[in-house]
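Asks: pasting the sequence and the predicted coordinates here, then a few questions.
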Amino acid sequence: MSSMSFSSGKQYVKPPQRGIFPLDHESECKAAMQSYLGCLKESRDMHHKCRDLSKDYLQCRMDKQLMAEENLNDMGFSEEQKVIGAKEYDKSKEKAGYIAGKHIDKPNQWFWEKKKRDWNQ
């Protein structure tokens, strides 16, 4: 039986993908993180309301060398990309008794269950 060699050839180390960065083990940006998460909780996860806190948190991470320096405008924090006038869906249809798909009355059939058409007509 032949032996297999897994170490043949040179091994290359790839840099981490964009968005993957070291954890904050020293809790250097914990205050910014907690204020952002608190805002998300208060606004029921409507992240556009916590945009400035998110920006502050990312800036803190860049300042402390926990992620690569990058222009925040390229990360979606420019004025052109700001969410304006967003409103929460109030579920008025569901409150009135609407059930999705309930309006379809005909029974569904698989293609093999359908009757063959009479092509002579």
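Replies: It's in.
Asks: where does this protein dip in pLDDT?
Replies: Along the chain, segments meeting pLDDT under 70 span 1-9, 13, 15-21, 103-109, 111-121.
Asks: hey, where'd the helices end up in it?
Replies: Taking DSSP state H as the criterion, the chain carries its helices at 30-42, 51-63, 92-95.
Asks: winner for burial among those?
Replies: Burial among these, expressed as mean neighbours by mean count of other C-beta atoms under 10 Å, is greatest for helix 51-63, which shows a mean of 17. To be clear about C-beta, it is placed using only N, CA and C from the backbone, and glycine gets the same treatment.
Asks: report the angle between the axes of that helix and helix 30-42?
Replies: 160 degrees (axes from the mean of the first three to the mean of the last three C-alpha atoms, to 10 degrees).
Asks: quick one: helix 51-63 to chain centroid distance?
Replies: Helix 51-63 sits 18 Å away from the centroid of its parent chain (C-alpha atoms, centre = their mean, to the nearest Å).
Asks: elements contacting that helix?
Replies: The elements that helix 51-63 packs onto, with contact taken as 3 or more C-beta pairs under 8 Å, 6 or more residues apart in numbering; DSSP states H and E, are helix 30-42.
Asks: now do the same contact list for Met33.
Replies: Met33 makes contacts with 24, 57, as judged by C-beta atoms under 8 Å, 6 or more residues apart in numbering.
Asks: can you check Lys64 too?
Replies: When contacts are counted by C-beta under 8 Å, 6+ apart, Lys64 touches 24, 28-29.
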